[in-house]
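> Structure, please.
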Amino acid sequence: MSAIYFDADDDAVELMTALEAEGYATTLRREAFAGEDDSADHAWVLLVEPFDDRVIEMVDVYGGWMPGDEHLPAEPLNLPGEPKRLKD
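Prediction:
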């Protein structure tokens, strides 16, 4: 099984329901990242079998991400070209 991560359980449950309707086997659980003490901050992890191109298509639609995900934002951030100077 391969893992898909979510910040919110409702997004994970929506994808889980959609995948199960298409015949995929899923398991949903909480997982802490290194250094997280507060259980409310733990990510929701959806495990999917089989993991194929259809699953990957659905991940972005439902707001999830995968380790090593290389999706970039549609537009780059608008950052200043040089440091701001304080006026005296």
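
> need the contact list for residue 45.
The neighbours of residue 45, taking CB atoms under 8 Å, 6 or more residues apart in numbering as the test, are 3, 4, 5, 6, 12, 28, 29, 30, 31. Just so you know, the C-beta spots here come from the backbone N, C-alpha and C atoms, and that holds for glycine as well.

> Look up the closest residue to it, ignoring the ones flanking it.
Excluding its sequence neighbours, the residue lying closest to residue 45 (CB to CB, 6 or more residues apart in numbering) is residue 31, at 4.5 Å.

> Quick check: beta-bridge partners of that neighbour?
Note on residue 31: beta-bridge partners by DSSP bridges are residue 43.

> Scan this protein for its longest helix.
helix 9-21 (DSSP state H).

> Residue 83: what secondary structure?
coil (DSSP: H, G, I helix; E, B strand; the rest coil).

> roughly how far apart are residue 14 and residue 4?
Look at residue 14 and residue 4: by CB to CB, to the nearest Å, they are 12 Å apart.

> Now for the residue nearest to residue 20 when sequence neighbours are not counted, which secondary structure element holds it?
Nearest non-adjacent residue to residue 20, counting by CB to CB, 6+ apart: residue 26, 5.8 Å away. Per DSSP states H and E: residue 26 is located in strand 25-31.

> follow-up on the earlier one: now the angle from the longest helix of the chain to strand 25-31?
160 degrees (axes from the mean of the first three to the mean of the last three CA atoms, to 10 degrees).

> Which elements pack onto helix 9-21?
Under the contact criterion of 3 or more CB pairs under 8 Å, 6 or more residues apart in numbering; DSSP states H and E, helix 9-21 touches strand 2-6, strand 25-31, strand 43-49, helix 53-61.

> Quick one: these as CSV, columns for mean pLDDT and distance to residue 81 too.
Listed next are the helices and strands packed on helix 9-21 as CSV, based on pLDDT from 0 to 100; distance: least, CB to CB, whole Å:
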stretch, mean pLDDT, distance to residue 81
strand 2-6, 88, 34
strand 25-31, 90, 40
strand 43-49, 91, 35
helix 53-61, 88, 31
